[in-house]
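A.B. asks: Fold the following for me, if possible:
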Amino acid sequence: VKTDFDIQIVEETKTKLMFATGAMIHSLPNSPSTVRGQTAKYVFFDEHAHFLNQTDYELEQAVLPMISRSGIVIYVSTPFGEQGLFFKKWTEQNNLVKVKIHYTECPDIKEEAIRNQYDEITWRQEFCNEFIGEVNSYFPYGLLQSCIDSEMEVMT
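C.D. replies: Predicted coordinates:
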């Protein structure tokens with residue numbers, strides 16, 4: 001197989017690409033129990049903010065030994081609320097290199113053709129890369145907070 005970049009792929013399966021140079025890309029399972037035991041130079045967590053039910057933390061714990069001999073972990077994602085490990089790393093870890101790409105930096109995205117297909121929160125997260133809090137809440141915290149009267153006495 002020959003690509004536009006003059007890179008020769010000698011083997012391609014659902015989970016592996018092998019190049020003529022001997023380099024390989026493996027697609028690993030999103031399961032801490034089955035991902036263990038590999039060695040890697042680079043590990044990419046794709047759409048990391050969307051790893052649910054603590055799998056973001058569990059997978060990181062399983063993967064870090066894979067890169068313990070000078071490997072690199074790269075987290076890639078669109079935001080998904082103010083939750084999880086991706087949000088925590090983005091907002092709290094200043095030692096990471098962070099790259100944010102707004103849709104206006106992508107000349108082939110035509111806003112007028114797709115904007116009306118998304119609600120405001122989804123648009124802002126998926127295309128503007130904004131972390132919007134409480135994406136899974138039916139009643140946003142701000143709305144509930146506005147219903148509280150701080151002058152009111154609680155009767156017990």
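
A.B. asks: where exactly do the strands run in the protein?
C.D. replies: 9-12, 16-19, 24-26, 42-46, 72-76 (DSSP state E).

A.B. asks: Kindly reformat those as JSON lines containing mean neighbour count and distance to L64.
C.D. replies: From N, CA and C alone the C-beta is placed, and that goes for glycine too. Shown next, in JSON lines, are these (neighbours: other Cβ atoms under 10 Å; distance: least, Cβ to Cβ, whole Å):
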{"stretch": "strand 9-12", "mean neighbour count": "12", "distance to L64": "28"}
{"stretch": "strand 16-19", "mean neighbour count": "15", "distance to L64": "22"}
{"stretch": "strand 24-26", "mean neighbour count": "12", "distance to L64": "17"}
{"stretch": "strand 42-46", "mean neighbour count": "15", "distance to L64": "9"}
{"stretch": "strand 72-76", "mean neighbour count": "14", "distance to L64": "7"}
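
A.B. asks: Let's have these in JSON lines, adding mean pLDDT and distance to F131.
C.D. replies: What follows is those, written out as JSON lines (pLDDT from 0 to 100; distance: least, Cβ to Cβ, whole Å):
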{"stretch": "strand 9-12", "mean pLDDT": "92", "distance to F131": "36"}
{"stretch": "strand 16-19", "mean pLDDT": "94", "distance to F131": "32"}
{"stretch": "strand 24-26", "mean pLDDT": "92", "distance to F131": "29"}
{"stretch": "strand 42-46", "mean pLDDT": "93", "distance to F131": "17"}
{"stretch": "strand 72-76", "mean pLDDT": "94", "distance to F131": "14"}
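
A.B. asks: Need these in JSON lines (columns: distance to Q54).
C.D. replies: Compiled in JSON lines, those are given as follows (distance: least, Cβ to Cβ, whole Å):
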{"stretch": "strand 9-12", "distance to Q54": "33"}
{"stretch": "strand 16-19", "distance to Q54": "28"}
{"stretch": "strand 24-26", "distance to Q54": "24"}
{"stretch": "strand 42-46", "distance to Q54": "14"}
{"stretch": "strand 72-76", "distance to Q54": "16"}
